[in-house]
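> Sequence below, structure please.
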Amino acid sequence: MLNPKEIRKDFPILDLQVYGKPLVYLDNAATSQKPNQVIDTLTTYYRNYNSNVHRGVHSLSIKATELYESAREKIAKFINAQSDSLIYTKGTTDAINLVAHSWGVNNIQAGDEILLTEMEHHSNLVPWQILAKRNGATLKFIPVTESGMLDLSQLNTLLTSKTKLVAITQMSNALGTINPVKEICKQGHAAGAYILIDGAQSVPHMPVDVEDMDCDFLAFSSHKMLGPTGIGCLYIKKSILETMDPVNHGGDMVKEVTLNHATWNDLPIRFEAGTPNIADAIAFGTAIDYLTDLGMDQVQAYEEHLTRYALDVVKGLSENFIFYGPPNPAERGAIISFHCPEIHPHDIGTILDREGIAIRAGHHCAMPLVNGRLGLPATARASFYVYNTEHEVDVLAASLKTTLQYFNR
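Residues are numbered from 1 along each chain as shown. All right, here's what the predicted structure looks like:
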């Protein structure tokens, strides 16, 4: 099993104190912290070979290009994809919007159906709302059960000959639920639908294999998996990618340009107009190296262990707090969302901050789930990663007790 005490040595921010207390960072579902290796990659780029990529013939540009494309190859291998099927984006949100604006606009027509779930992040909901309204399609939703799982008993009914796209999160950012996306891909394809997977929460925390899953699209972000912000990736099956047109136009994505005509560059560069986010892409590759060295099977196993420990510890608080998500740690990621009927989650988050603990409080960009399905104004959410420890879980539990005392509960 991973040794978080050794891993923590690579993360300088974890030595910080907040209000005179050691930082306990439990907001990893929002963004992860960065190891020295990633930070050093960024500074090395700007100090030693800052240059634009692809068309330069001087040494700095050649080196930057090699590292930029090498990072793409590492990321592609990480999800078992070919590098020419992987597009750099600004992140998961940007990636899903790219699919909606390029593939969706041209392939989803009036009368078609888009199947989503009640637990989707706004990034995998709003683009489809807009597309459905624009093109005359219909949105349908797989419901969420009381235990926080998808009610797949309705999947065969919800999937029809009109279903053009199934867009689903592999891991809920609000509940931690790990969805059986491989089976959903199989059933969706059998119905003639295309499948998009929101991997923002899953790719950082568990092995993800696009060939085994057989998805058509996979979107994920660097900043949730030890890398920089502002960079992410979109995987698209090559046979689909070859039919898609770029949505941004300008430099680098073109091959030949006359005053009246342009032809597009090779895949996947034709989807990356303008000067790309070079430094962050290279540093994303370093984050991939770090996670690869840890081993994603080990990452998932350790997080399941820590989640199991946390769920056991917080049982003693169940008189005052309601905890959401699947009860079985093997069916959820390292996310624990909770609510106290008598204390607003924002107040809980504020009190915990005074104890040095960083959590997230709100609807987690999943308002239909939190406000609608759960009927709550918000939840408090603690989310773990490879550098979190059992001791930090104990500190969280003790601080929740302090919070109850503060409010005389």
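
> Next, Phe220: phi, psi?
Main-chain torsions, Phe220, degrees, to the nearest 10: phi -160, psi 170.

> Who are the contact partners of it?
By C-beta atoms under 8 Å, 6 or more residues apart in numbering, the residues touching Phe220 are 79, 92, 95, 199-200, 202-204, 232-233. Bear in mind the C-beta positions are built from the backbone N, C-alpha and C, glycine included.

> Redo those residues as CSV? Include neighbour count and secondary structure.
Formatted as CSV, these follow (neighbours: other C-beta atoms under 10 Å; DSSP: H, G, I helix; E, B strand; the rest coil):
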residue, neighbour count, secondary structure
Ile79, 22, coil
Thr92, 27, helix
Ala95, 28, helix
Gly199, 32, coil
Ala200, 27, coil
Ser202, 23, coil
Val203, 29, coil
Pro204, 28, coil
Gly232, 30, strand
Cys233, 28, strand
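
> Identify the farthest-apart pair in those.
Ala95 and Pro204 (14.7 Å; C-beta to C-beta).

> where in the stretch 301-409 of the chain is pLDDT low?
Residues of the stretch 301-409 of the chain meeting the criterion pLDDT under 70: 409.

> Dump the longest helix along the chain to PDB, restricted to CA.
Secondary structure of the chain per DSSP state H: the longest helix is helix 59-78. Only the C-alpha atoms of helix 59-78 are listed here, as PDB (Å, rounded to 0.1, in the frame of the first residue of the first chain):
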ATOM      1  CA  SER A  59      16.900  24.600 -30.500                       C
ATOM      2  CA  LEU A  60      14.500  26.000 -27.900                       C
ATOM      3  CA  SER A  61      11.500  25.500 -30.000                       C
ATOM      4  CA  ILE A  62      12.500  22.000 -31.000                       C
ATOM      5  CA  LYS A  63      13.000  21.000 -27.300                       C
ATOM      6  CA  ALA A  64       9.700  22.600 -26.300                       C
ATOM      7  CA  THR A  65       7.900  20.700 -29.100                       C
ATOM      8  CA  GLU A  66       9.500  17.400 -28.200                       C
ATOM      9  CA  LEU A  67       8.500  17.700 -24.500                       C
ATOM     10  CA  TYR A  68       5.000  19.000 -25.400                       C
ATOM     11  CA  GLU A  69       4.300  16.100 -27.700                       C
ATOM     12  CA  SER A  70       6.000  13.700 -25.300                       C
ATOM     13  CA  ALA A  71       3.600  14.700 -22.600                       C
ATOM     14  CA  ARG A  72       0.700  14.000 -25.000                       C
ATOM     15  CA  GLU A  73       2.000  10.500 -25.500                       C
ATOM     16  CA  LYS A  74       2.400   9.900 -21.800                       C
ATOM     17  CA  ILE A  75      -1.200  11.100 -21.100                       C
ATOM     18  CA  ALA A  76      -2.500   8.900 -24.000                       C
ATOM     19  CA  LYS A  77      -0.700   5.900 -22.700                       C
ATOM     20  CA  PHE A  78      -2.100   6.600 -19.200                       C
END
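
> now it, how far from the chain's geometric center?
Helix 59-78 has its C-alpha centroid displaced from the chain centroid by 22 Å (C-alpha atoms, centre = their mean, to the nearest Å).

> and of the contacts of Phe220, the nearest to Ser123?
Among those, Thr92 lies closest to Ser123 (C-beta to C-beta), at 5.9 Å.

> The closest one contacts Leu196, doesn't it?
No: checked against C-beta atoms under 8 Å, the pair Thr92 and Leu196 is beyond contact range at 10.9 Å.

> quick revisit: quick one: list the elements packing against the longest helix of the chain.
With contacts defined as 3 or more C-beta pairs under 8 Å, 6 or more residues apart in numbering; DSSP states H and E, helix 59-78 has these neighbours: strand 86-89, helix 278-294.

> From what I see, Val299 and Thr292 are in contact.
No: using C-beta under 8 Å, Val299 is not in contact with Thr292, being 10.1 Å away.

> Tell me which of the two has more neighbours.
Counted by other C-beta atoms under 10 Å, Val299 and Thr292 do not tie: Val299 has more neighbours, with 20 against 12.

> Please point out which parts of whichever helix or strand that one is part of sit buried.
For Val299, the host element (DSSP states H and E) is helix 296-313. By neighbour count on 16 or more other C-beta atoms under 10 Å, the buried set for helix 296-313 is 296, 299-300, 302-304, 306-307, 309-311, 313.

> mean confidence score for the longest helix of the chain?
Averaged over helix 59-78, pLDDT sits at 98.

> what sits up against that helix?
The contact list for helix 59-78 (C-beta under 8 Å, 6+ apart) reads 45, 49-56, 82-83, 85-86, 88, 203, 208, 233, 235, 276, 278, 281-282, 284-286, 288-289, 291-292.

> could you check the angle helix 278-294 makes with that helix?
Calculated by axes from the mean of the first three to the mean of the last three C-alpha atoms, to 10 degrees, helix 59-78 forms an angle of 40 degrees with helix 278-294.

> Can you list the buried residues in helix 59-78?
For helix 59-78, burial by neighbour count (16+ other C-beta under 10 Å) applies to 61, 63-65, 67-69, 71-76, 78.

> again, but for stretch 183-195
Under 16+ other C-beta under 10 Å, the buried positions of stretch 183-195 are 184-185, 187-188, 191, 193-195.

> For that stretch, give me every contacting residue.
Under C-beta under 8 Å, 6+ apart, the answer for stretch 183-195 is 103, 107, 115, 152, 155-156, 159-161, 163-168, 181, 197, 213-217, 240.

> before we move on, what about stretch 17-31?
Residues outside stretch 17-31 that contact it (C-beta under 8 Å, 6+ apart) are 13-16, 33, 173, 201, 223-224, 229, 334-335, 353-360, 364, 381-385, 387-388, 392, 395-396.

> what's the following helix or strand after the helix or strand hosting Arg381?
Assigning secondary structure by DSSP H and E places Arg381 in strand 379-383. Once the chain leaves strand 379-383, the next helix or strand it forms, by DSSP H and E, is helix 390-406.

> Mind giving me the packing neighbours of that following helix?
The contact analysis (3+ C-beta pairs under 8 Å, 6+ apart) places helix 390-406 against strand 24-25, helix 296-313, helix 345-354, strand 357-358.
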